[in-house]
Every structure is written in C-alpha cells, then in structure tokens.
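In: when you get a sec, could you give me coordinates for this:
(one chain, ligands or ions: 1)
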Amino acid sequence: MPSSRRTVYEALELVRHTGRWPIAFEFAWSGLIFANLVATVLESMPAVVGAYGPALALFHAVSMVLFTVELGVRFWVCTADATDRYVHPLWGRVRYFFSTLTLLDVIAVAPYWLGVTLDLRFARTFRLLRMLYFFGYGDATESLAAVFYNERKALIGALITMMFALFVTSSLMYLIEHPVQPEQFSSILNALWWGLATFATIGYGDITPVTAAGRVLTGIAAVFGIAMFALPAGILASGYASELKRRDFVITWELVARVPVFAKLPASKIADIAGMLRVRQVRAGEVVVRKGDPANSMYFIAEGEVLVDIKPHPIRLRNGEFFGEMGLLERAPRSATVSAARTSRLLVLEAQDLARFLDGNPIVRETLTRATADRLLHQQEVEAMAAAEPEQRAS
Ligand code: CMP
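Out: Got it, this is the predicted structure:
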C-alpha cells in the first residue's frame with residue numbers, strides 16, 4: 001500500500017491524533033466548518049445578505065470546492081483503513097460511500113454541484129458531524145447509535161405503548177369535547193394534536209378543553225405523559241451506561257499474555273505487542289474480512305467467536321485464536337470471508353506492526369507460518385474434494 005495514502009489517511013481520519021500537520025489540519029478544517037455554520041445563519045438575514053451577499057456567495061463556492069476536494073481525497077485514501085472495512089479498491093469505496101458520515105458529506109456538497117433550485121445551503125451544517133470525529137468524540141456518537149440498535153425492542157415497545165395511550169386518550173377527548181367546541185376538536189386528528197402537546201407536556205394551549213371531564217382527562221394525560229416520556233429516556237440512559245462500560249475495554253498486559261501465540265514471550269515483548277494492538281468490537285454477523293479483498297491487518301480473538309466461511313463446513317475460531325495472518329504473510333488477497341458468530345472483541349494488528357514485531361520474534365513468526373501452511377493445506381484439500389465430487393457423480 002503506498003505510504004503516502006496511509007499518511008494522508010491518518011491525517012484525514014486522525015486515527016492517532018499526533019503530528020503537527022494532522023493537528024493543524026484538524027483546527028483549520030474545524031474552523032472552516034464552523035465558519036460555514038455562521039455563514040448559513042447570516043444568509044438567512046436579509047440585511048446581511050444585502051450588505052455582504054457577494055462575499056457570502058464567494059465563501060460558499062470556495063467552501064464547496066474545498067469540501068469536495070476533501071471528499072475526493074477521502075475516497076482515494078479510504079482503502080488504507082486499518083480495520084479492513086474499505087480495503088477493496090472498488091467495493092471498499094462503494095461501502096465507504098454508503099457509510100453514514102460520507103453520505104452526510106455528499107449531501108452537504110451535492111446540492112451545490114447539481115444546481116438544486118431548492119435552497120439547501122443549510123446542508124453544510126451536516127459537516128458539523130465531522131467535527132465530532134476531529135475532536136475524538138466519534139466513538140461516543142457510535143456508542144449512542146449502538147444503544148438505539150441494542151435497545152430497539154424496548155424502545156419500540158415504549159413507542160407502541162405511547163401511541164396506544166395517545167390514540168385512546170385523544171379519541172376519548174374528541175367524544176367529550178367535540179359536542180361543546182366542534183371547531184377546536186373538529187376531528188380525532190385535531191384531538192391527537194391536543195394529545196401530543198399534552199403528553200409531551202409542551203402545552204401550546206391552542207386547543208384546550210372547556211368541559212370538566214375534558215380537564216380531568218387533560219390532567220391525567222399530563223401526569224401519565226411525563227411517566228411515558230421518561231420511559232424511553234430511562235431505557236436510553238441505562239443502555240448508554242452499559243454500552244460505555246462494554247467499550248471501555250483496555251488492552252492490558254494480562255489480556256495479551258492470555259493469547260496463546262504470545263503466552264510464552266518474555267514480559268517486555270508482551271508489553272511491546274500490547275502497545276501495537278487496537279480493539280475492534282464486532283456485532284454478530286458483521287463481516288470482518290471479505291474473501292478476495294487486500295489485507296491490511298490480522299486479528300486475535302480476545303472474546304467471542306468468528307466463522308471462517310469455508311465450504312462445505314465453516315470453521316469456528318474462538319477466544320485466543322487468530323485469523324487474517326495468511327493475507328499478510330503470503331501478501332495475498334483474503335482467502336476466505338470471516339464474520340463474527342456473536343458479539344466479539346478482536347485485537348487488531350496492522351501489517352507494518354506485524355512485520356516489525358515478527359522481525360524480533362522468530363517464535364511467533366514460526367507459529368503464524370505453520371498455521372498459514374496448515375490452513376492453506378486444509379483449503380486445498382477442501383477445494384480438491386469439491387472438484388472431485390462432480391466427477392464422482394458423473395462416473
Ligand atoms: P486471510 O486469508 O488473510 O483471511 C481469511 C482468514 O481465514 C485467513 O487469513 C485465515 O486466518 C483464516 N482461515 C483460512 N482458512 C482457514 C482454515 N482452514 N482454518 C482456520 N482458519 C482459516
């Protein structure tokens with residue numbers, strides 16, 4: 001992999017947050033994004049547009065050019081992602097395109113180039129999310145997204161209960177209030193608007209009951225509304241707390257020493273490798289490496305289980321085992337697709353770190369080389385059996 005691509009990748013994605021240039025870029029770019037937010041607000045003020053319209057338009061155009069160049073560079077370098085997610089020159093980039101942040105970046109610049117007549121200059125504000133990553137809060141955002149996913153059943157349950165209560169109360173309210181104020185409560189839809197404002201305790205007051213029964217019902221709805229809105233908030237808070245605990249997973253010396261490949265190394269070597277490893281958490285079914293993709297890293301299973309997709313019988317690898325070494329040692333594309341069989345924690349070792357580590361650790365090199373030879377042999381046997389089967393059937 002060209003090292004310039006790797007350097008630019010690190011500067012853009014700021015994986016390591018070190019070096020004068022990445023930090024300078026981080027600040028300059030955050031400043032540009034922030035200035036765009038201010039410009040978006042200013043462009044909504046007729047007096048400011050009257051006085052500085054051309055300057056704002058020029059700033060918008062220059063920003064769009066810069067953001068587009070940045071997007072292009074991101075596409076160029078995304079294949080250097082150490083987690084192998086975008087490693088394939090074509091499909092990797094397609095996957096990168098469909099990642100949430102990239103889509104938001106595209107939405108931020110596309111209206112400008114497509115000449116959309118609708119005023120979508122506010123789309124620039126989507127770029128604000130990049131700042132989260134610049135300043136290292138990307139993980140926290142991903143945690144929040146994971147909480148919504150993990151707690152989806154409880155949240156949907158709470159939502160259905162809320163909808164049920166809202167519909168029943170609003171329909172009752174319609175029955176009570178419609179005869180007295182047919183204009184205010186003209187339909188159940190109108191009553192639903194009342195219900196929403198009451199349950200959420202916003203209380204706009206544009207539709208209010210006048211009957212005693214209606215007022216009692218409003219009181220009950222307001223009290224239960226607080227409880228019902230507190231329910232999803234509680235689910236999210238507890239889910240977020242446990243997700244953070246799960247992510248707060250540090251690579252300790254003991255953890256690395258438990259991996260059989262490293263277990264017999266001297267303590268200082270274990271400390272060396274611990275400094276090179278990173279944690280990657282994967283969900284059940286998530287693909288970690290894809291057959292045919294180039295190889296950037298290898299993986300040790302700290303906790304969990306993965307499936308190596310080999311026909312006819314996939315192979316399960318569990319705690320302490322490793323995969324992805326073949327691509328690195330053979331300098332070949334991935335020989336099989338490996339996906340998580342359940343939520344797992346992997347320790348990721350990048351190609352250059354592995355090469356450096358193996359230079360000083362011939363025992364580990366031998367273990368990995370032997371595993372590669374055995375696994376290659378197994379793959380060849382499986383392929384030979386698969387090739388022989390149709391012939392046997394034919395004869
Ligand atoms: P790599 O080829 O980089 O990516 C796919 C990985 O699956 C491969 O490295 C091995 O680590 C693993 N793998 C391939 N074949 C086998 C096998 N027969 N047994 C266990 N693991 C395998």
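
In: going by C-alpha atoms from here, please, whenever you check contacts or count neighbours.
Out: OK.

In: what count of nearby residues applies to residue 185?
Out: Residues near residue 185, counting by other CA atoms under 10 Å, number 25.

In: what's the answer for residue 216, then?
Out: 12.

In: the one 5 residues further on too?
Out: Residue neighbour count, defined by other CA under 10 Å, stands at 23 for residue 221.

In: same question, residue 281
Out: As a burial measure, residue 281 scores 17 neighbours (other CA under 10 Å).

In: now do the contacts for it.
Out: Applying CA atoms under 8 Å, 6 or more residues apart in numbering to residue 281 gives the contacts 247, 343, 344, 345, 346.

In: closest to residue 274 out of those residues?
Out: residue 346 (12.9 Å; CA to CA).

In: how much space separates residue 183 from residue 192?
Out: Residue 183 sits 14 Å away from residue 192, going by CA to CA, to the nearest Å.

In: who has more neighbours, these two?
Out: Set residue 183 next to residue 192 and count neighbours by other CA under 10 Å: residue 192 wins out with 20 against 12.

In: can you read off the pLDDT for the more buried one?
Out: On the pLDDT scale, residue 192 is placed at 96.

In: just residue 243 next, same as before
Out: Looking at residue 243, its pLDDT is 81.

In: mind checking which helix or strand it is in?
Out: Here residue 243 sits within helix 212-247, counting by DSSP states H and E.

In: counting by contacts, list what the helix or strand that comes right after that helix packs against.
Out: Where DSSP H and E defines the elements, the next helix or strand beyond helix 212-247 is helix 253-257. When contacts are defined as 3 or more CA pairs under 8 Å, 6 or more residues apart in numbering; DSSP states H and E, helix 253-257 sits against helix 260-263, helix 267-276.

In: may I have helix 253-257 as CSV, with CA atoms only?
Out: Listed next in CSV are the C-alpha coordinates belonging to helix 253-257 (Å, rounded to 0.1, in the frame of the first residue of the first chain):
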residue,chain,number,x,y,z
TRP,A,253,-0.7,-6.9,29.6
GLU,A,254,-2.6,-9.8,31.1
LEU,A,255,-5.1,-9.8,28.3
VAL,A,256,-2.3,-10.1,25.7
ALA,A,257,-0.5,-12.7,27.8
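
In: so which bits of that helix are buried?
Out: Residues of helix 253-257 classed as buried: 253, 256, 257 (neighbour count, 16 or more other CA atoms under 10 Å).

In: closest to the ligand out of the residues you listed?
Out: Distance to the ligand, by CA to the nearest ligand atom, is smallest for residue 256 among those, at 18.4 Å.

In: that older thread, turn the helices and strands packed on helix 253-257 into a markdown table, including distance to residue 68 and mean neighbour count.
Out: Shown next, in a markdown table, are those (distance: least, CA to CA, whole Å; neighbours: other CA atoms under 10 Å):
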| stretch | distance to residue 68 | mean neighbour count |
| --- | --- | --- |
| helix 260-263 | 45 | 16 |
| helix 267-276 | 34 | 15 |
